[in-house]
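> pasting a predicted model and its sequence here:
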Amino acid sequence: MSTVDDEQSADAVPEAGGETAEPRDRFKQRIAISLGVLVVVGAAIAIVQVRASTNESNTARDTTRVAVEAMRANVVADTAAGVIPQVDAERAFLAFQSPLTAGAPSLAQAAGIPTSKSGSAAGLRVAQASVPDLGVGKLAPVLQTEAQRLSLEQRALATTRITWNTRSTQYTTVIAVLAVAIFLVGFGLVVGGPIRGAAYVFGVAVGLFAAGWAVWIYFLPIPSTPASAIEATARGTVLSGEGSYRAALSQYDAAIRSASGYATAYSGRARARLLASNPDYPVTRAITDLSGRSVAEALTDAQKAHQLDSRDILATSLLALASFYRGDYVHALSATDAALALNPGVPDLWLLRSAIEVGLGDPAAASAALVHGVGLLRGASPSQQTRLLASTYLSYMAWLERHDPVHAAATRKLADRLVAIESAFTLGRTLPKHPPATGTLSVTRLRYAHGKLMLRLRWAGLPAGTALTAIGYERPLAQGAWTQPPDLALFASIAGSGSRNITVPLKRACQPTSVRVDVYLNGSRTLSRTGPGVRATC
């Protein structure tokens, strides 16, 4: 009986085994199906990854092509802009040039125009007719607009390229995550017990996450700026550079209507609005209006541009500059540091940072920022750009002295330090550490009238090689701050006794209500004189 029972029990084992094998087979089928689905999802993601990579390559080629075209257009535009003053000068010169052959009539005489003083204007008209501008005067703005359009198109394409590159990289990461999911699900085929179920469930969860992530990436927008917005922004930039701010604002408005998310149009409009309220700023760095509606709108535009594109250095710089002039030095420092993080090689930003540090009461940090900003010019030559940097900083110091007199001593010290640095830089030699021990110098007849700054410098008994620096200031508002225009500066080496009458034409929307001249000998301030101006026009 026991043998029979044992045989019956043995026969039951396979039967029992068969009952448990069936669900296990179903689990294997589930794993196999899941693996198949994950592989299909992986293939789909690989396809869109290749598409993103291809789009990135195509956009990169377009970016390079447009960059070359922009470079060529900028060269042509700069050349055309340089031809205009040369042609004008040639016209004025030919009108009264002596004939090459003795006894031959001059150009004006050949045209039957009197050669007296009264005939000068007529002679100039003949010269202008004989030396046409070849349409360059009208063509230059067109060339500048085209160069600006291509530059903006290049930036837009670069942004699109970066986005495609980022998307391709993200898809690659998703595929790697999906590979982990496939491994975990497949791991269930070679293990048993609780580990099998846990690996399968976790693998499926990771796979669902990867698939969802891929879908999210797919529907992210690819930045694309309409051609109409780029072209309108280019026209606005050129018009703004010409001082036609109202026309520029109209173009920026059109650009924003075409592309409400175009950061460059907002930052350009912000700049145009600030300059429309302070028309002399590009020439004199004079701030005459910070409380008007257009200034508030400009700040709103700058903030909008920064929100749309945190790498828009113009928007960040405008926020820093406006905050400085409004006395919000903490915000100004934050915005300046953000701009420097984008490009630490901009001297203008370091000089602004120095001025902000003065406002915050930290002259040591201000001095360090000044030294760093000037150090970035090492190897450069004296130019209009370097003079503009110096004049801008001196205007910062004058603004601080007027609006935060508690920092007056620090502003004067830093201003004098910059003048000494600029004098040595411009004259191309190291200056003595002290002013000359002998000699005198005076400033007389200082005034602004009839659109001109006039003064007379007189010196006597100065040793050879004395470095003379005269820095002119003007005050556009009767109770406002001084500003230091770049065209009001004189650097010279003098000796003995002498004098110089100086007349400088000043074209200003806000005419000076008073003028000032600070005179330095060997980089040390020797005297400061003020003179009258005209009734305020702003």
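Sure thing, it's come through.

> list the helices and strands the helix or strand harbouring A369 packs on?
In this structure, A369 sits in helix 363-375 according to DSSP states H and E. Contact partners of helix 363-375 among helices and strands, from 3 or more C-beta pairs under 8 Å, 6 or more residues apart in numbering; DSSP states H and E: helix 347-359, helix 408-427. Any C-beta I mention is one placed from the backbone N, CA and C, and that applies to glycine too.

> ranking those helices by burial, who's on top?
The highest mean neighbour count among the helices and strands packed on helix 363-375, using mean count of other C-beta atoms under 10 Å, belongs to helix 347-359: a mean of 24.

> and the contacts of that helix?
Helix 347-359 is contacted from outside by 317, 320-321, 324, 327, 329, 332-333, 336-337, 339-340, 343, 363, 365-370, 372-374, 376-377, 389, 392-393, 396-397, 399-400, 404, 407, 410-411, 414, using C-beta atoms under 8 Å, 6 or more residues apart in numbering.

> could you give the mean pLDDT of that helix?
Regarding helix 347-359, the rounded mean pLDDT is 96.

> residues contacting the residue nearest to the spatial centre of the chain?
Centroid-nearest residue in the chain: L314, 4.3 Å away (criterion: C-alpha atoms, centre = their mean). L314 makes contact with S267, G268, R271, A305 under the criterion C-beta under 8 Å, 6+ apart.

> looking at this, it is in a strand?
No. Assignment of L314 by DSSP: H, G, I helix; E, B strand; the rest coil gives helix, placing it outside any strand.

> for this protein, which helix or strand comes out least confident on mean pLDDT?
None of the helices or strands of the chain scores lower by mean pLDDT, DSSP states H and E than helix 107-110, at a mean of 45.

> quick one: low-confidence ranges for the stretch 51-200 of the chain?
Along the stretch 51-200 of the chain, segments meeting pLDDT under 70 span 80-137.

> what about the helices in it?
107-110, 120-130, 136-187, 194-218 (DSSP state H, counting those that start in this stretch).

> how about the stretch 251-400 of the chain?
263-277, 281-284, 293-308, 313-325, 329-342, 347-359, 363-375, 384-403.

> okay, these in TSV with distance to F491 next?
TSV is the format used below for those (distance: least, C-beta to C-beta, whole Å):
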stretch	distance to F491
helix 263-277	29
helix 281-284	19
helix 293-308	35
helix 313-325	27
helix 329-342	29
helix 347-359	19
helix 363-375	16
helix 384-403	10
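
> residues in contact with stretch 46-59?
L157, T160, R161, W164, N165, R167, S168, Y171, T172, I175, A214, Y218.

> one more pass at 6 Å, please.
The contact list for stretch 46-59 (C-beta atoms under 6 Å, 6 or more residues apart in numbering) reads L157, T160, R161, W164, N165, R167, S168, Y171.

> ditto for stretch 180-197
Here stretch 180-197 has contacts from I31, S34, L35, L38, A199, Y200, F202, G203, V206, G207, A210, using C-beta under 6 Å, 6+ apart.

> mark which of those are buried, thanks.
Using 16 or more other C-beta atoms under 10 Å as the burial test, these include I31, S34, L35, L38, A199, Y200, F202, G203, V206, G207, A210 as buried.

> what strand or helix carries the first one?
I31 is part of helix 2-94, with elements assigned from DSSP H and E.

> let me know the secondary structure of A536.
coil.

> spit out the contact partners of it.
A478, T513.

> again with G523
Neighbours of G523 in contact, by C-beta under 6 Å, 6+ apart: A420, S423, L431.

> give me every residue that touches the first one.
Residues touching A420, when contacts are defined by C-beta under 6 Å, 6+ apart, comprise G523.

> try it again at 8 Å.
A420 neighbours (C-beta under 8 Å, 6+ apart): L431, Y520, G523, S524.

> distance of the nearest residue to the last one once chain neighbours are set aside from L441?
Using C-beta to C-beta, 6 or more residues apart in numbering and skipping residues adjacent in sequence, the residue nearest S524 is P435, 4.3 Å away. Counting by C-beta to C-beta, to the nearest Å, the gap from P435 to L441 is 10 Å.

> so for these two, which residue has more residues nearby?
L441 (21 against 18; other C-beta atoms under 10 Å).

> I'd say the more buried one and L457 touch.
Yes. Contact between L441 and L457 holds when scored by C-beta atoms under 8 Å: they sit 7.2 Å apart.

> which residues do these two both contact?
By C-beta under 8 Å, 6+ apart, the residues touching both L441 and L457 are L468, V519.

> how many other residues sit next to the closest residue in space to A265 that isn't next to it in sequence?
Sequence neighbours aside, A255 is the residue nearest to A265 in space, at 3.9 Å (criterion: C-beta to C-beta, 6+ apart). If you count neighbours by other C-beta under 10 Å, A255 ends up with 28.

> confidence score at A255?
pLDDT at A255 comes out at 96.

> from P432, how far out is it?
From A255 across to P432, the span is 55 Å (C-beta to C-beta).

> next, the angle from the longest strand seen in the chain to helix 384-403.
Assignment by DSSP state E gives strand 452-475 as the longest strand of the chain. Per axes from the mean of the first three to the mean of the last three C-alpha atoms, to 10 degrees, the angle that strand 452-475 makes with helix 384-403 is 60 degrees.

> please state the offset of strand 452-475 from the chain centre?
In terms of C-alpha atoms, centre = their mean, to the nearest Å, the centre of strand 452-475 is set 35 Å apart from its chain centre.

> same question for stretch 469-480.
27 Å.

> pull out the buried positions in it.
T469, A470, I471, G472, Y473, E474, R475, P476, L477, G480.

> okay if I get the helices of the stretch 51-200 of the chain as JSON lines plus distance to S228?
Formatted as JSON lines, the helices of the stretch 51-200 of the chain follow (distance: least, C-beta to C-beta, whole Å):
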{"stretch": "helix 107-110", "distance to S228": "48"}
{"stretch": "helix 120-130", "distance to S228": "38"}
{"stretch": "helix 136-187", "distance to S228": "11"}
{"stretch": "helix 194-218", "distance to S228": "28"}
